[in-house]
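In: below: sequence and its predicted model.
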Amino acid sequence: MNSTKEQEDLRVRRTRKLLWDALMALLVEQDFEKISVKDICEQAMVHRTTFYKHYEDKHDLLLRGMKEMHDSLAGETDLPKDASLDESLPQHLVRIFVHVSRHQRFYRLLLCGAGISSFQTLMRTYLAESCEARLRRRQQQESLQFSVPLPILAQFYAGTLISITTWWLENDLPLTPQEMAHALMLLLADGYHAAINVGEKKREKDAAPFSHQELR
């Protein structure tokens, strides 16, 4: 019984991978809107009836595939909840860039050029939520006050990360993940310092989650 179920699960995963890989291959050659389910099935060598057993249409295939990559990003970059912000942020950024380099074909397709806005929105949302959670933790730990609402600050960080990641991919990864994390930390530090209320400036060096010392 268990063996049969495992075989069925393997077949399902294999079929979904074939269809996803087919869509990725077709996206190299043409825009998403021009790709049909027929094209995807022919590329994957999967019958259309099989396709519709798993997905409603090509948009469903894309959305589920993006969510799986989103979950992969979250899983590969997740850090222990008890890790301090000072210690966790540089590691978190390095893990993000390592993840992107491992899956660069996917990220090139969906971040570079015209891209697909739904994926970019999904990625920005994940990054902003992750960043806001770390900022709120720091705020509680240090009783900090910010002159900029945290959701806006988090969106700033997420947008910066997506922008420089896109540049990194478009230029064939000229820097290592560690070098990219270093550069991003330096950029984000200024934004963080500027967002702390004037009354908190005297403590910003100790309170900042983006310490230059961590990068050395």
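Out: That came through fine. Numbering: from 1, shown residues only.
In: surely Met123 and Ile162 touch.
Out: Yes: counting by Cβ atoms under 8 Å, Ile162 is a contact partner of Met123 at 6.5 Å. Any C-beta I mention is one placed from the backbone N, CA and C, and that applies to glycine too.
In: shared neighbours of these two, which are they?
Out: Common contacts of Met123 and Ile162 (Cβ atoms under 8 Å, 6 or more residues apart in numbering): Leu111.
In: more crowded one of those two?
Out: The neighbour count for Met123 versus Ile162, taken as other Cβ atoms under 10 Å, is higher for Met123 (21 against 17).
In: which phi and psi does the more buried one have?
Out: Main-chain dihedrals, Met123, degrees, to the nearest 10: phi -70, psi -40.
In: likewise Tyr55?
Out: phi -140, psi 150.
In: and the residue sitting nearest the centre point of the chain, how close does it get to Leu186?
Out: Residue closest to the average C-alpha location in the chain (Cα atoms, centre = their mean): Met123, at 4.7 Å. Using Cβ to Cβ, to the nearest Å, Met123 is found at 22 Å from Leu186.
In: wait, doesn't Ser147 sit right on His193?
Out: No: with contact defined as Cβ under 8 Å, Ser147 does not count as touching His193 (11.1 Å).
In: so the two - more neighbours on which side?
Out: Taking other Cβ under 10 Å, Ser147 and His193 do not tie; His193 has more neighbours (15 against 12).
In: secondary structure class for the more buried one?
Out: When classified by DSSP: H, G, I helix; E, B strand; the rest coil, His193 comes out as helix.
In: contacts only, for Gln155.
Out: The contact partners of Gln155, taken as Cβ under 8 Å, 6+ apart, are 124, 128.
In: can you tell me the element it falls in?
Out: Per DSSP states H and E, Gln155 falls inside helix 150-170.
In: and for Glu6?
Out: Under the assignment here (DSSP H and E), Glu6 is part of helix 2-29.
In: next structured bit after that helix?
Out: Using DSSP H and E, the first helix or strand after helix 2-29 is helix 37-44.
In: buried residues in that next one, which are they?
Out: 37, 39-41, 43-44 (16 or more other Cβ atoms under 10 Å).
In: could you say what helices and strands it packs with?
Out: helix 2-29, helix 48-54, helix 58-77 (3 or more Cβ pairs under 8 Å, 6 or more residues apart in numbering; DSSP states H and E).
In: low-confidence ranges, the protein, go.
Out: For the chain, applying pLDDT under 70 flags the ranges 1-3, 77-89, 113-115, 197-216.
In: ok, Tyr126 touching His70?
Out: Yes: applying Cβ under 8 Å as the test, Tyr126 and His70 come out as touching, 5.8 Å apart.
In: contact partners of stretch 160-176?
Out: 93, 96-97, 100-101, 104, 107-108, 111-112, 120, 123-124, 127, 180, 183-184, 187-188, 191.
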